[in-house]
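Asks: Provided below are the primary sequence and the corresponding predicted coordinates.
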Amino acid sequence: MKSSKKPWPLRSTHGIKDRINTNPDFQRPAVWGKAQKQLLIDTILRDYDIPKLYWRKISSKPDKYDVVDGQQRLRAIWEFFDGGFPLPKNAEPIDGEDVANLHYEDLPDDLRMRFDVYALDVVVLEESDEDEVREMFLRLQNGTSLKAQEKRNAYPGKMRTFVRQLVSHPFFQSVGFTNSRFNHDLVAAQLVCLELAGEPTNIKSADLNRMYEDHANFDPKSSEGKAVQRTMGILAEAFPEKTPELERFNVISLYCMASEMQKQYAFDQVRPILHDWFLGFEADRRAQEEKPDDEIDAEWASYKEKISHSTDAADSVRWRMDFMLRHFLERYPAIQRKDNQRGFTHMQRLAVFRRDKGHCQLKIKCDGAKLTWDDWHCDHTVPWTAGGETTVENARVACSACNLSKGASLLPA
């Protein structure tokens with residue numbers, strides 16, 4: 001990589017702004033507020049120095065550039081040229097001239113010419129590859145207020161490229177949160193992290209950084225890459241339009257639930273009802289949150305806590321997934337298990353236990369005894385040996401005495 005420093009008058013940069021890309025894909029969006037822009041313009045008019053800018057030359061005849069560092073300053077300068085904002089109302093006079101609240105075109109001639117010819121120190125990078133430029137961007141941003149995902153967006157490697165591709169997936173057109181400061185990238189990275197683990201896991205910033213580094217050569221056609229895209233495709237199909245209820249925290253939980261159900265249940269039965277179930281789930285949540293604290297259902301109160309604090313911790317992600325899955329199975333108890341095994345899953349057992357309130361339903365040796373979680377049987381209402389399905393709908397709570405008594409009565413004479 002070669003570099004050279006050149007002075008660029010402000011008017012010259014404005015004249016070729018169509019050939020200067022201030023938003024290459026490793027850059028963060030514009031985040032400066034009006035006060036920051038005004039301070040920069042005031043600094044230039046007072047002929048104070050401002051830090052160097054770094055551009056990467058990407059083509060010749062005509063020359064074109066990507067801004068590696070300094071895009072916020074360039075945008076502010078060009079916006080001032082175009083009359084986008086004035087100097088502050090309380091700006092002090094410059095060389096005896098009152099400049100308070102003046103736009104570019106209203107400046108005295110001497111100050112306007114001073115602004116036009118003010119030279120930016122621009123370091124032009126040539127013969128540089130993508131990884132070198134991204135590394136330089138990260139080094140130049142060290143110590144600034146970049147968010148974690150903004151930094152990861154500048155990482156070299158195929159994982160970053162894959163996450164960026166996921167952001168263009170139709171599903172992200174339906175979510176209820178914007179991509180401000182790479183929020184979509186953050187969620188996409190968390191979904192990949194979950195898929196790589198194969199289960200709920202920590203998806204905090206440090207975990208995502210490690211994923212980007214350890215999987216720099218990630219293959220989008222790997223089983224994990226295909227799984228992420230497949231599940232996002234299912235969600236895009238279920239939510240074809242903008243859905244305000246799809247917030248960041250529940251997109252993660254919904255993805256985990258959909259991924260888990262694909263593994264264990266007949267998902268063709270789930271697919272057509274997923275949209276309406278989710279909207280009902282969110283309606284239930286809002287109804288619970290509107291209640292006084294002492295009237296909120298204890299489990300919904302726990303859910304509220306899980307979506308409010310430490311939302312990226314493994315135990316929180318798993319708890320929310322389990323809660324959603326149980327809510328779904330309670331609402332649609334006839335969903336069949338994919339593998340048609342005799343044993344009930346943990347979530348099916350939990351749904352049955354809650355539905356029957358822990359009371360024995362057989363009542364052969366008892367009168368509907370209240371059982372504890374550690375001491376009960378999940379019984380097929382229609383016996384599995386007689387073709388009964390392993391579903392929540394075909395299950396009931398039984399005490400051991402009743403269940404064993406029932407089993408004995410079914411033995412051949």
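Replies: Happy to help now that I have it.

Asks: Look up the closest residue to G358, ignoring the ones flanking it.
Replies: In space, not counting the residues next to it along the chain, G358 is nearest to L371; the distance is 5.2 Å by CB to CB, 6 or more residues apart in numbering. Bear in mind the C-beta positions are built from the backbone N, C-alpha and C, glycine included.

Asks: Identify the residues contacting the one you found.
Replies: Contact analysis of L371 by CB atoms under 8 Å, 6 or more residues apart in numbering lists 358-360, 397, 399.

Asks: do M257 as well
Replies: 321, 324-325, 328 are the contacts of M257 under CB under 8 Å, 6+ apart.

Asks: Just those residues: which are in helices?
Replies: Using DSSP state H, 321, 324-325, 328 are the members of the contacts of M257 that sit in helices.

Asks: By mean pLDDT, point me to the weakest helix or strand of the protein.
Replies: In the chain, the helix or strand scored least confidently by mean pLDDT, DSSP states H and E is helix 130-141, which has a mean of 63.

Asks: Phi first, then psi, for D66.
Replies: When read as degrees, to the nearest 10, the backbone of D66 gives phi -100, psi 130.

Asks: my bad, Y65
Replies: With angles defined as degrees, to the nearest 10, Y65 sits at phi -140, psi 150.

Asks: got the contact list for it?
Replies: Residues near Y65 by CB under 8 Å, 6+ apart: 19-21, 55-58, 124.

Asks: Which members of these are positioned in strands?
Replies: 20-21, 55-58, 124 (DSSP state E).

Asks: Of these, which pair is most distant in space?
Replies: The distance between the two most remote of those (CB to CB) is 13.8 Å, for N21 and V124.

Asks: Just the buried residues out of the ones in helices among the contacts of M257, in ChimeraX syntax.
Replies: In ChimeraX syntax, the buried subset of these is picked out as below (16 or more other CB atoms under 10 Å):
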select :321,324,325,328
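
Asks: Tell me the one among the ones in helices among the contacts of M257 nearest to Q269.
Replies: Of those, the one sitting nearest to Q269 (CB to CB) turns out to be F328, at 11.1 Å.

Asks: who are the neighbours in contact with the nearest residue to the closest one once chain neighbours are set aside?
Replies: Counting by CB to CB, 6+ apart, W277 is the residue found nearest to F328 once chain neighbours are left out, at 5.8 Å. The neighbours of W277, taking CB under 8 Å, 6+ apart as the test, are 328, 331-332.

Asks: ok so, going back, which pLDDT value goes with the residue nearest to G358?
Replies: Looking at L371, its pLDDT stands at 96.

Asks: quick one on the thing from earlier: what would the contacts of W277 look like in CSV with pLDDT and distance to D116?
Replies: Formatted as CSV, these follow (pLDDT from 0 to 100; distance: CB to CB, whole Å):
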residue, pLDDT, distance to D116
F328, 95, 64
R331, 92, 67
Y332, 93, 69
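
Asks: any idea how far the most centrally placed residue in the chain is from E224?
Replies: By CA atoms, centre = their mean, the mean C-alpha position of the chain lies nearest to V187, the distance being 1.7 Å. To E224, V187 is 16 Å away according to CB to CB, to the nearest Å.

Asks: what do you get for D294?
Replies: From D294 to E224 the distance is 45 Å (CB to CB).

Asks: Over to P383?
Replies: P383 is 40 Å from E224, by CB to CB.

Asks: what's the answer for L279, then?
Replies: Relative to E224, L279 is positioned 29 Å away (CB to CB).

Asks: cool, Q264 as well?
Replies: From Q264 to E224 the distance is 18 Å (CB to CB).

Asks: out of the two, which sits in the more crowded spot?
Replies: Set Q264 next to E224 and count neighbours by other CB atoms under 10 Å: E224 wins out with 19 against 16.

Asks: isn't there a strand covering the residue nearest to the centre of the chain?
Replies: No. V187: not assigned to a strand; according to DSSP: H, G, I helix; E, B strand; the rest coil it is helix.

Asks: is it true that it touches E247?
Replies: No. V187 is beyond contact range of E247, at 10.1 Å (criterion: CB atoms under 8 Å).

Asks: Next, show the common contact partners of the two.
Replies: In contact with both V187 and E247: V175, using CB under 8 Å, 6+ apart.

Asks: Could I get the pLDDT score of E245?
Replies: For E245, pLDDT reads 94.

Asks: I'd like to know how far it sits from I335.
Replies: 22 Å.

Asks: Which residue ranges make up the domains of the protein?
Replies: Residue ranges for the domains of the chain, per automatic domain parsing: 2-146, 149-329, 346-409.

Asks: what's the least confident stretch among those?
Replies: Note on these: domain 2-146 shows the lowest mean pLDDT, a mean of 86.

Asks: Show me how far that one is from its chain's centre.
Replies: 31 Å (CA atoms, centre = their mean, to the nearest Å).

Asks: Ok, stretch 396-404 next?
Replies: Here stretch 396-404 is found 45 Å from its chain centre; the criterion is CA atoms, centre = their mean.
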